[in-house]
Each structure stands twice: as structure tokens, then as C-alpha cells.
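Peer 1: Whatever this is, show me its structure:
(chains A and B)
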Amino acid sequence: MDTEHRTREEQGLRAAVIAGDEAAWRALYETYFDSLFRYVHVRAGRDSQRTEEVVQECWMTAVRRIRSFDPARGDFGCWLRGIADRILLGQTRRWARRLRLAQSAPDDTGRVTPAERLDLVDRVAWVLTSLPHTYEKVLRAKYERQQAVAEIAQEWGRSTKAVESLLGRARSAFRDAWAGLDKNDGIIQ
Amino acid sequence: MDTHSDRDEGLLDGQELPCEAWLSPQVPAGLKDSLLYRTTAGVRTRTRRRRALVVGGLVAAYAAGLTTAFALAGRAPQAPQEPLVSSVEPQEAAPPPAESGQDEVTPALLGDPEGFTLLLVNSPVEKQARLLKSAGDKYLNDYGDIQLALNCYRRLLALQGAANEETADSSDTWLLRSLKQARVLDSQEKLEDSNAQETL
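Peer 2: Model (predicted):
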């Protein structure tokens, strides 16, 4: 789905949700629920309880503030991740404060979260979930489900050339994000 | 068709990614459905609020239109500029209630704007309200002068404030009732607007 087409579609869905169309909201919800869950799960340290809390708060915030979503600036998934980041940051600060109080040891590193070195699995999950929704989708199709480009193109109703181009961009984005983690030596701040 | 480069190109150069790297976390049972239900309820609430605003706006517009229509209705003969002879009584005037103080508002007083204003200024607030109401009633009922009646009623409502706008009074003329209703609807609409703004 090219950017312009995606933008137009999400503009229509946004307007429909604002007008009270439940089906439009369901369409957005079904499209992005799983990817948002994965995104939050990795960033919440794979803590199920934290993940559940953040995901719930994120979606409730999204339905209240749907007017502030601008499809021209990024897809709905990207906007959701922004909301999730703010919730995670606030939650992490509270948890870090509790941890410091519990341990009675001041944290003088100045970082909001404790530093953690990601293992390979976590790194892949982190990078994958930070990519735009369509990139993650095509990479999973290609590398997780081992689908051929032609097969993906047929399933998505797009041309082989379009899928190849998308796959190329997705790989590039993945590698850039991976390299970015390497610069921080796998430490997430 | 699967190209050679596509078949061979890994995601990361020189690094094989483990299968578990692609594993998705398990979504707790019921979370997705319950959250969909709650968020959809939020969409419905938004619809109801929007409809309430639209209906409130329509009612206010209707009331304002009614008021304007009455105000612009064919004018009856003007109120007398010179003081009327005090012995001349209106033919079909409604019997004045004892508490309204209509006996204070004589035709002579109505014909003497300066005298009327002086009387108002020197009267306590309660008496001012009575005088304005009875003057408005006389202009409307006895002389059919809607504009002068409106002037009196508007001054009366400004004097009494928002509290009395919601108080129904059986002695109110149709014009005074309409004015009160229009102001109440206007206030409600403003309150709903500010509530909607805060929520959104």
C-alpha cells in the first residue's frame, strides 16, 4: 500500500470515527492491535502486567484523542506508538522511583530507566516493532513465514515489483535501526 | 517469480536470526475483545455528545427565530407620546394581579420616559423589577408595542440575572416567557460547548 493511498484511507477512517462510525474504529483497531502489543511488550521488558496496562491506556487515549491524529504525518500505528512511548516513559519513571525507594539506593546515572543489554531475540523484537507497520508486515511475511515475493504480492493484491520495492525499503530500515542499537551497544536509554 | 537476489538476501549480513526472534507474545485471553468493547463505547459516547450539541443548537436557533419573528411582527399603533387622560381605561385590559404593582405604572407614567426613569432609579431593586414588568406588560397588552415591551423585559432580565430566567411565572406574558427560554437554551448550549471542548 503506497503512502498516498494509505494516507487517504486513514483520513477517511479518522473522519468516520470522529463521526461515530464504530466499524471504522474496529478496522483501525484490528489492523494495529497486534503490532502495538508487540511494540509495548518488548519495551515493557516483556512484563505481561505492564504490557497489558500500557496497551489498555494507549487504546483508551487513542479513542479520546482521535482528532489529534494526522494521517499526513504518519500512519495510525506510528501515532499509537507515540502515545505508547509517553505512557511507557511515565510508567517507567514511576516504577524506577519505586525500585529506588525499595532498594534505598539513589540512582545517580541520570537515566530514566535502568540500563539493560538486549539479547539477540530482544534486539530483533525491538527493532522490528519500531518499524512502520507495513515494513514489519512484509519482513514477517518474508523471513518469519518464508513466503516468496510472488506469494506475498498475490496475497496482498499488489504487483511483484511493488512488494520487492517495499521489501528493499523494509530491509534497509531494519538494518539502519539495528545499526542504531549497535551504536548504543545494545543499551536502551 | 522469485529473483536470485531475493532468495539469497538475508535480513542482516553475515548473521542468521534465530526463529524465536520472530515469536509474537501471547495476548491475554479476552483482552483484545474487552478493549474493543470499551473503546467502541467511547466512539458511541462521542456520537451521542455530538448529536446533543446539534439538537441543542437547533432548539436555540428555533427559539431565537421565534423571538425575532415576534419582535418584527406587524406593529400596532404606537404608544401615546403625550400623557393620556387618566380617566380613559383600556377596553380589554386583563385584570391586574394585586402583587404586580400595575397600579404604579399609569399611562401618564408611560408617556413620561424621564419620569419613569427617575422613578426606577429611586426605587429599590424589587420595585424596579415590578415596574419594568408591569410597563412591559402594558406596552404589549394595551398598546401592542412589542419593541417597547421588549426593552422593558430585557432590562428586567438584566436586573434579575440568570437565576430568575429559569423561574416560571404564571403571570409572565408570552413574550417574556420566550425571552427567558431563549436565554436558558443559550446558556445550556454554551455549557455543552465548553464541556465538549474540555473532553476532546
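Peer 1: in stretch B:49-68, what counts as buried?
Peer 2: By 16 or more other CB atoms under 10 Å in any protein chain shown, the buried positions in stretch B:49-68 come out as B:Arg49, B:Gly56, B:Ala60, B:Ala63, B:Thr67. Yep, even glycine has a C-beta here, placed from its N, CA and C like the rest.
Peer 1: Alpha carbons of it, in CSV - could you do that?
Peer 2: Output in CSV follows, covering the C-alpha atoms of stretch B:49-68 (Å, rounded to 0.1, in the frame of the first residue of the first chain):
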residue,chain,number,x,y,z
ARG,B,49,-22.5,14.1,22.5
ARG,B,50,-22.3,15.4,19.0
ARG,B,51,-26.0,14.8,18.4
ALA,B,52,-26.9,16.5,21.7
LEU,B,53,-24.9,19.6,20.6
VAL,B,54,-26.7,19.6,17.2
VAL,B,55,-30.1,19.3,18.7
GLY,B,56,-29.4,22.0,21.3
GLY,B,57,-28.2,24.3,18.6
LEU,B,58,-31.3,23.7,16.5
VAL,B,59,-33.6,24.4,19.5
ALA,B,60,-31.7,27.6,20.3
ALA,B,61,-31.9,28.7,16.7
TYR,B,62,-35.6,28.0,16.7
ALA,B,63,-36.2,29.9,19.8
ALA,B,64,-34.1,32.8,18.6
GLY,B,65,-36.1,32.8,15.3
LEU,B,66,-39.4,32.8,17.2
THR,B,67,-38.3,35.8,19.3
THR,B,68,-37.1,37.7,16.2
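Peer 1: residue contacts, the residue in chain B that chain A sits nearest to?
Peer 2: When scored by CB to the nearest CB, chain B has B:Thr47 as its residue closest to chain A, at 2.9 Å. B:Thr47 is in contact with A:Ala19, A:Gly20, counting by CB atoms under 8 Å, 6 or more residues apart in numbering or on different chains.
Peer 1: coming back round to it: mark which of the buried residues of stretch B:49-68 are part of strands, please.
Peer 2: Using DSSP state E, no member of the buried residues of stretch B:49-68 falls within strands.
Peer 1: check the residues you listed against chain A, which are close?
Peer 2: Residues of the buried residues of stretch B:49-68 in contact with chain A (CB under 8 Å from any CB of the partner chain): none.
Peer 1: Mind picking the lowest-pLDDT entry from those residues?
Peer 2: The lowest pLDDT within those belongs to B:Arg49, with 78.
Peer 1: that older thread, name the element the residue of chain B closest to chain A belongs to?
Peer 2: Secondary structure assigned from DSSP states H and E places B:Thr47 in helix B:31-71.
Peer 1: For that helix, what is the distance to the chain centroid?
Peer 2: Relative to its chain's centre, helix B:31-71 lies at 15 Å (CA atoms, centre = their mean, to the nearest Å).
Peer 1: Show me which residues of the strand or helix carrying A:Leu88 are buried.
Peer 2: Using DSSP H and E, A:Leu88 sits within helix A:76-103. Neighbour counts using 16+ other CB under 10 Å place A:Phe76, A:Gly77, A:Trp79, A:Leu80, A:Arg81, A:Ile83, A:Ala84, A:Ile87, A:Leu88, A:Thr92, A:Trp95 of helix A:76-103 among the buried residues.
Peer 1: Before we move on, what's the pLDDT of the fifth one?
Peer 2: So that's A:Arg81. pLDDT recorded at A:Arg81 is 94.
Peer 1: Could you do the first one as well?
Peer 2: A:Phe76 is assigned a pLDDT of 95 by the prediction.
Peer 1: Please apply the same query to B:Ala162.
Peer 2: Confidence at B:Ala162, expressed as pLDDT, is 56.
Peer 1: pLDDT below threshold where in chain B?
Peer 2: Scanning chain B for pLDDT under 70 picks out the ranges B:1-8, B:74-103, B:162-168, B:196-200.
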